[in-house]
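Engineer: Provide a 3D model corresponding to the input given below.
(one chain, ligands or ions: 1)
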Amino acid sequence: MSFEDISLADPIQQALKEENYGTPTPIQRDAIPVILEGKDIIGCAQTGSGKTAAFALPVLDHFFRKPVELGPKQCRAIVLTPTRELANQVANSFLKYGKHIGVKVGTMVGGMPMGPQIRSLKEGLDVVVATPGRLLDLLEQRLVSFKNADHLILDEVDRMFDMGFIQDVKKIIREVPKSRQTLCFSATMNASVGHLIDNITNDPVKVSVDAEVKSADMVEQHVCFIRNQDKADLAVHFILKERERDPEAKILIFTATKQGADHLLHRFKDVDIKGDALHGDKAQRVRERVLERFRGGKTQVLIATDVAARGLDIKGIDTVLNYDIPKDAETYVHRIGRTGRAGKNGTSYTLCAEFDQQVFNTIENFLGKRMTVYEDHPHHFQVLADQYKALFGFAIQAPSSGGGLIGARPGARRSNRRNRSSRNR
Ligand code: AMP
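Structural biologist: Down below sits the predicted model:
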């Protein structure tokens with residue numbers, strides 16, 4: 001299937017040609033025709049799957065086919081995102097895909113002066129892309145009106161829950177006309193997310209339920225068993241090795257805390273590794289500069305916390321290093337989704353230290369496979385590797401029929417499955 005098989009208006013097709021998009025990604029293939037029919041949608045897809053175009057293209061098509069005269073402060077589509085960075089990326093995508101229809105887009109995010117945002121709203125906007133707190137602020141001051149809004153898009157709903165924005169989100173939704181079309185995207189679904197989505201959508205169509213596991217499959221995933229005190233040395237070892245392989249390689253490192261990120265950055269400076277840290281303590285302008293430097297290749301390493309890195313679309317990240325183990329399997333999938341983007345392969349390394357085994361096992365269970373143990377480095381901790389194998393070293397049944405048993409011992413399948421289900425209870 002090519003984009004030409006989807007009935008998107010010519011100026012949008014033209015923009016896609018200029019972007020060299022030939023084939024729609026699975027979420028685009030499944031979601032765009034449904035959205036074009038005017039139906040509500042629940043898209044289960046993470047950043048990197050092409051989900052921005054999946055919702056932006058049909059919304060732009062609607063703008064083109066049904067032009068509306070917008071009054072001051074009005075908008076036609078509202079996109080809510082959990083982070084400022086994601087808001088900027090989504091706004092840029094609308095501008096890119098809608099350049100031949102002259103789409104007007106505004107970004108309303110916290111941490112930036114309100115003046116320019118208010119001014120951009122004065123003439124009315126086709127799309128307002130916002131983080132919930134700032135948009136609610138503008139709404140309460142009557143600086144924005146949703147009277148003409150016919151599209152509501154919630155991007156990364158699960159993360160908006162995680163970040164505690166959901167009350168603001170609900171207040172905003174109450175102000176959007178009920179006749180709207182609602183498009184919800186979430187990388188993961190749980191009871192809270194499902195309940196909210198049920199309440200705000202009308203007979204939604206669900207697409208690409210297992211997208212997150214599929215995109216994780218695009219990444220070559222390794223685990224390194226290691227002592228806590230050796231982690232920084234191993235990170236340095238990886239970077240130098242990557243640099244030797246490709247002097248321009250980009251490496252994204254995740255730490256659990258802001259302090260951890262700063263500390264590691266300090267360590268890198270000692271060995272002349274050019275990097276930056278990205279976390280919530282940094283002012284918005286600094287965060288943007290950090291990203292710019294990384295995107296432009298001025299720095300080779302970006303150390304980020306989960307909140308700051310959520311939704312980042314940086315092309316050409318070769319390696320993701322989970323310096324601190326992610327808190328759960330969903331976070332893991334989000335993290336490694338930063339590499340292997342849009343059909344390209346990437347590599348990830350997860351450091352598993354003394355107290356990380358339980359969480360690491362939850363991640364392997366979620367993925368339905370064992371990761372390759374990477375030992376080719378000076379800090380491999382064989383005792384921990386053996387311990388992990390003794391505790392959890394049975395085979396895992398892949399969650400979908402497509403997968404197989406990885407790392408299975410002969411004859412272990414039946415008893416191991418029994419083991420797993422009894423532990424899950
Ligand atoms: P997203 O998941 O929306 O953050 O998109 C991830 C990346 O994939 C972005 O850099 C897009 O420009 C790119 N992309 C999205 N759709 C396509 C497509 N159909 N073909 C090629 N690249 C795409």
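
Engineer: where does the prediction get shaky in the stretch 101-250 of the chain?
Structural biologist: Across the stretch 101-250 of the chain, residues meeting the criterion (pLDDT under 70) sit at 208-217.

Engineer: which residues in it form helices?
Structural biologist: If DSSP state H, counting those that start in this stretch is used as the criterion, the helices of the stretch 101-250 of the chain fall at 114-122, 132-140, 157-162, 166-174, 191-200, 211-217, 231-245.

Engineer: out of these, flag the one nearest the ligand.
Structural biologist: Among these, helix 211-217 comes nearest to the ligand, with 9.2 Å by CB to the nearest ligand atom. (Glycine included, C-beta is placed from N, CA and C.)

Engineer: wait, doesn't residue 11 sit right on residue 103?
Structural biologist: No - contact criterion CB atoms under 8 Å: residue 11 and residue 103 do not qualify, at 9.9 Å.

Engineer: neighbour count winner among those two?
Structural biologist: Legend: neighbour count by other CB atoms under 10 Å for residue 11 and residue 103, higher for residue 103 (23 against 17).

Engineer: pull the contacting residues for the closest residue to the more buried one other than its chain neighbours.
Structural biologist: Closest residue in space to residue 103, ignoring its immediate chain neighbours: residue 126 at 5.0 Å, by CB to CB, 6 or more residues apart in numbering. Contacts for residue 126 (CB atoms under 8 Å, 6 or more residues apart in numbering) come out as 63, 70, 75-77, 94, 98, 103-105.

Engineer: contacts for stretch 101-116, please.
Structural biologist: Against stretch 101-116 from outside (CB under 8 Å, 6+ apart): 9, 11-12, 60, 63-64, 75, 84, 87-88, 91, 94-95, 98, 117, 120-121, 123-131, 133-135, 137-138, 144, 283-284.

Engineer: buried sites along that stretch?
Structural biologist: Neighbour-count burial for stretch 101-116 flags 101, 103-112 (criterion: 16 or more other CB atoms under 10 Å).

Engineer: circling back to that earlier point, which one of the contacts of residue 126 is nearest the ligand?
Structural biologist: Nearest member of these to the ligand, counting by CB to the nearest ligand atom, is residue 94, at 11.3 Å.

Engineer: burial count for residue 339?
Structural biologist: Neighbour tally, residue 339, other CB under 10 Å: 24.

Engineer: quick check: closest non-adjacent residue to it.
Structural biologist: Residue 339's closest residue in space is residue 346 (CB to CB, 6+ apart), at 2.8 Å.

Engineer: and for residue 52?
Structural biologist: residue 93 (4.5 Å).

Engineer: are stretch 155-163 and the ligand in contact anywhere?
Structural biologist: No - residues of stretch 155-163 contacting the ligand under CB under 6 Å from any ligand atom: none, with a closest distance of 9.2 Å.

Engineer: got a list of contacts for that stretch?
Structural biologist: With CB under 8 Å, 6+ apart, stretch 155-163 has contacts from 47, 51-52, 55, 79-83, 86, 90, 132, 154, 166, 169, 184-190, 192-193, 196-197, 307, 310-311, 330.

Engineer: tell me the buried residues in that stretch?
Structural biologist: Result for stretch 155-163 [16+ other CB under 10 Å]: buried residues 155-163.

Engineer: reformat those residues as a markdown table; add distance to residue 175.
Structural biologist: Formatted as a markdown table, the buried residues of stretch 155-163 follow (distance: CB to CB, whole Å):
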| residue | distance to residue 175 |
| --- | --- |
| 155 | 18 |
| 156 | 21 |
| 157 | 18 |
| 158 | 23 |
| 159 | 22 |
| 160 | 17 |
| 161 | 20 |
| 162 | 24 |
| 163 | 21 |
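
Engineer: now, the most widely separated pair of those?
Structural biologist: Within the buried residues of stretch 155-163, two members stand farthest from each other by CB to CB: 155 and 162, at 13.6 Å.

Engineer: quick check: domain ranges of the chain?
Structural biologist: 3-210, 213-407 (automatic domain parsing).
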